[in-house]
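> need a structure here:
(chains A and B)
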Amino acid sequence: MKTGTATRPGPPHTGSPPRPRHTRSPLSPRGPLWLAWRRQRTVLVTGAVLILALAGYLVYQRTGMAALIHDRGVADCRIWRECNGMPLDSSDELSEAFVRLESYRAALLDAARLLLAIPAVIGAFVGAPLIAREFESGTAALVWSQSVGRVRWLIATLALPVVATLAATSLLAALFTWWWWPVRGTFPDVHWGDTLPFDVVGPAFVSLSLLSLLLGTAFGLVLRRTLPAMACTLAVTAGVVYGLQQLRPHLLPRLTVTAGVHVHAEAPFGGWYIGSGYLDGTGARVDGSACEGLLGGWPAIFRCLDRRHLPQEYEDYHPIGHFWSMQWMQAGICLAVAVALAAFCVWWIGRRRA
Amino acid sequence: MTDEIDAAGALEASGLGMKYRRGWALRDVACHLPAGRICALVGPNGSGKSTLLSLAAGLLTPTTGTLRVFGRPPAAPAARERVAFVAQDKPLYPRFSVADTLRLGRELNPRWDQKAAERVVEEAEVPLSARVGSLSGGQRTCVALALALGKRADLLLLDEPMSDQDPLRRHRMMGVLMAEAAERGTGVVISTHVLAELDGVCDHLLLMGGGRIRLAGGTDEIQAAHRVITGPSATGGGTPAALARHTVVETRTTGRQLTALIRPEGTPAGDGWIVTEPSLEEVLLGYLRAPDAPPLLADDPRTADTEVGA
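Below is the predicted model of the structure:
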């Protein structure tokens, strides 16, 4: 290095000491991974700060709620009904505890809505520009004419956001699940099988985020323009969430409770209500909706059911025991599609167009 | 260097065609560029120069025919390592510093030569700490050239590299480029509109028009294969009998005098005709003015036998 500098003409650089350009820590990324990090570091660091702030909020809320439940002894109570055999208005203390629990319910749902936006945001703002912007700025031609092959480049480019998405959404899903789990049966209007909270807890949230990220990448690769890719990613991610909601009740066979119409069939604590109706004398399911909502209240309804020979009613539900199985099944579906999309991207980029 | 592979030539095309949605950009292109040549790729806008370079850089896949760089398909890892490409719009990451941009080259190229790259940047007086987005167009081009030279490729494909340079920097950059090429035997293909830019620099020429190659070969061969003859124009127009034996590229009449660029078959002499050897620029201008002139492919294996001996 020294001799090379000395023999080269020109005053600006002859005297300069050798710069330690080639020293680097063993941890610093190399090759295409360095490029991926250099390009994405702003987004990744910004994302990490936001995720950590949200994680702090989840911990704060969960800690407060757990303390309330513990102090007032309202675990396993169903809000708006009764608690440990006592009606809610039996004591001021109990009703006050439920008013405060109600505010945690609102916070829980708001946090769930915010979390549900995260997969779409990752897909649209991290996934879609990932390759589309390279096409728009022409830098695809720059990178693809270096020695590193495009498939290696694509894998490195994808690796960072995939790992970051895995880490960030695992943290958020774990924290939100931790918050929601003690009150999974407490709020009668929050059914565990609905999009909120099902899609923002456990592995379902992590896999949905990965799927959206790869949707964005694939759209960016095919459309080669950032804005259309973002729009498509948002639309398709919303479609995926809707489709999963439609599919979910069918992932496992549902359970049914039946009871006489006077007793009223009701799924056990923590069950996810799917549907209900009436049974005739032979046990066949019959549409009894004509009898519902009659003037004259329950006596009129019972008379109507009697006339139609419908002595029993049923309720379909998924027990809370199905929860984790369904989580892993949905996660498996999303991950399989995400892997297929990644394979598609590798195949597509190998077709050589820049 | 790897002579056995270089015998295959730096660039070898046959039947090469490229069709975009709007039509054919290249049709039936055949050419052979030996290793280590400095080749000027000349032609009007839309004649297929950029397409040919992008194909050679492995950024496009040909619709028809084959293209080999150093005997391999351009997208093959072994070929990509030996070819450096500077695209016409000089794409770079605007938010990277110059040093970051050179680091990109170092991280993505096993043969990277940091000193060679820095020499180019220093020669252009571009500070290493400057952000690429804040540089002028000409400075950006220098950074792109530095990236290409640092790659230590055996073939540089440069798509109009000097178009946005001021004359002084253009001169310096050409100097750096040619010094590198001479020192290492690197082949260079430079596409350009400005013929003067390459005068005395290139030893090989490819003239393109309408997606086809119209002139190909060593500059000496091409020059030697042409003559400018001047004499009296035929009365009543038409081609004078003196030219009938030869391939006429272009004729111009001023008053009673006719000047023609011809490819002579045998001795182009005749009574009253002045015969001179044209400059390379005269040959190129002749072909550019006459888009329908018959092509001369001195390096095409199909015609090489008859033309190379000239």
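
> show me where pLDDT drops low in chain B?
Low-confidence regions of chain B, defined here as pLDDT under 70, cover residues B:1-7, B:234-242, B:268-271, B:299-310.

> try 80 this time
Residue ranges of chain B with pLDDT under 80: B:1-8, B:193-200, B:233-245, B:266-272, B:298-310.

> which residue is nearest the middle of it?
The structure's chain B has its C-alpha centroid closest to residue B:41; by Cα atoms, centre = their mean the separation is 2.1 Å.

> so what's the residue in the stretch 201-350 of chain A that chain B sits nearest to up against?
Using Cβ to the nearest Cβ, the single residue of the stretch 201-350 of chain A nearest to chain B is residue A:350, 8.8 Å away. No exception for glycine: its C-beta is placed from N, CA and C like everyone else's. Taking Cβ atoms under 8 Å, 6 or more residues apart in numbering or on different chains as the definition of contact, the neighbours of residue A:350 are A:150-151.

> next: residue B:161.
Residues near residue B:161 by Cβ under 8 Å, 6+ apart: B:86, B:141, B:144-145, B:173, B:177, B:190.

> repeat that for residue A:156.
A:31-33, A:35-36.

> now swap in residue B:40 and tell me
Contact analysis of residue B:40 by Cβ under 8 Å, 6+ apart lists B:190-192, B:195, B:198, B:201-202, B:204-206.

> now the residue nearest to the centre of chain B, what's its secondary structure?
Of the three states, residue B:41 takes strand according to DSSP: H, G, I helix; E, B strand; the rest coil.

> for chain B, which helix extends over the most residues?
Longest helix in chain B by number of residues, with DSSP state H as the criterion: helix B:167-184.

> show me the contact partners of that one.
Around helix B:167-184, the neighbours that count as contacts under Cβ under 8 Å, 6+ apart are B:38, B:116, B:119-120, B:123-124, B:138, B:141-142, B:145, B:149, B:152, B:156, B:158, B:161-162, B:165, B:186-188, B:197, B:201.

> flag every buried residue along that helix.
B:169-170, B:172-174, B:176-177, B:180-181, B:184 (16 or more other Cβ atoms under 10 Å in any protein chain shown).

> repeat for stretch A:215-226
In stretch A:215-226, the ones that count as buried by 16+ other Cβ under 10 Å are A:215-224, A:226.

> same question for stretch B:48-64.
Buried positions in stretch B:48-64, judged by neighbour count with 16+ other Cβ under 10 Å: B:48-60, B:62.

> off-centre distance for that stretch?
In terms of Cα atoms, centre = their mean, to the nearest Å, the gap separating the centre of stretch B:48-64 from the centre of its chain is 14 Å.

> if we can go back for a sec, okay, the buried residues of stretch A:215-226 in a markdown table with secondary structure, pLDDT and distance to chain B next?
As requested, these are exported to a markdown table (DSSP: H, G, I helix; E, B strand; the rest coil; pLDDT from 0 to 100; distance: Cβ to the nearest Cβ, whole Å):
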| residue | secondary structure | pLDDT | distance to chain B |
| --- | --- | --- | --- |
| A:215 | helix | 98 | 25 |
| A:216 | helix | 98 | 20 |
| A:217 | helix | 98 | 19 |
| A:218 | helix | 98 | 20 |
| A:219 | helix | 98 | 20 |
| A:220 | helix | 97 | 17 |
| A:221 | helix | 96 | 15 |
| A:222 | helix | 96 | 16 |
| A:223 | helix | 96 | 15 |
| A:224 | coil | 95 | 14 |
| A:226 | helix | 97 | 15 |
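
> farthest pair in those?
Checking those against each other with Cβ to Cβ, the farthest-apart pair comes out as A:215 and A:224, at 15.5 Å.

> wait, what's in contact with the closest residue to residue B:148 other than its chain neighbours?
Of all residues not flanking residue B:148 in the chain, residue B:84 sits nearest, at 3.9 Å (Cβ to Cβ, 6 or more residues apart in numbering or on different chains). The neighbours of residue B:84, taking Cβ under 8 Å, 6+ apart as the test, are A:145, B:147-149, B:151, B:153, B:155-157.

> partners of residue B:84 in the sheet?
residue B:156 (DSSP bridges).

> any idea how far it is from residue B:142?
Here the distance between residue B:84 and residue B:142 works out to 14 Å (Cβ to Cβ, to the nearest Å).

> which residues in the stretch 201-310 of chain B form helices?
With DSSP state H, counting those that start in this stretch as the definition, the stretch 201-310 of chain B shows helices at residue ranges B:219-224, B:280-289, B:301-307.

> now the strands: where do they sit in the stretch 251-354 of chain A?
Along the stretch 251-354 of chain A, the stretches classed as strands by DSSP state E, counting those that start in this stretch are A:255-260, A:272-279, A:285-286, A:312-318.

> how many other residues sit next to residue A:324?
For residue A:324, the tally of surrounding residues (other Cβ atoms under 10 Å in any protein chain shown) stands at 11.

> just the strands in the stretch 101-250 of chain B please.
Ranges of strands within the stretch 101-250 of chain B are B:155-159, B:187-192, B:204-209, B:212-218, B:227-232, B:247-254, based on DSSP E, counting those that start in this stretch.

> make CSV out of these and add mean neighbour count and distance to residue A:185.
Output for the strands of the stretch 101-250 of chain B, formatted as CSV (neighbours: other Cβ atoms under 10 Å in any protein chain shown; distance: least, Cβ to Cβ, whole Å):
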stretch, mean neighbour count, distance to residue A:185
strand B:155-159, 25, 67
strand B:187-192, 24, 72
strand B:204-209, 24, 76
strand B:212-218, 23, 77
strand B:227-232, 19, 98
strand B:247-254, 16, 91
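
> distance to residue B:18 added to these, as JSON lines?
Conversion of the strands of the stretch 101-250 of chain B to JSON lines gives the following (distance: least, Cβ to Cβ, whole Å):
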{"stretch": "strand B:155-159", "distance to residue B:18": "15"}
{"stretch": "strand B:187-192", "distance to residue B:18": "15"}
{"stretch": "strand B:204-209", "distance to residue B:18": "12"}
{"stretch": "strand B:212-218", "distance to residue B:18": "12"}
{"stretch": "strand B:227-232", "distance to residue B:18": "35"}
{"stretch": "strand B:247-254", "distance to residue B:18": "27"}
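
> these: which one's closest to residue A:345?
With distances scored as Cβ to Cβ, the stretch of these nearest to residue A:345 is strand B:155-159 (27.2 Å).

> the closest one versus strand B:187-192: what angle between them?
Interaxial angle of strand B:155-159 relative to strand B:187-192 (axes from the mean of the first three to the mean of the last three Cα atoms, to 10 degrees): 10 degrees.
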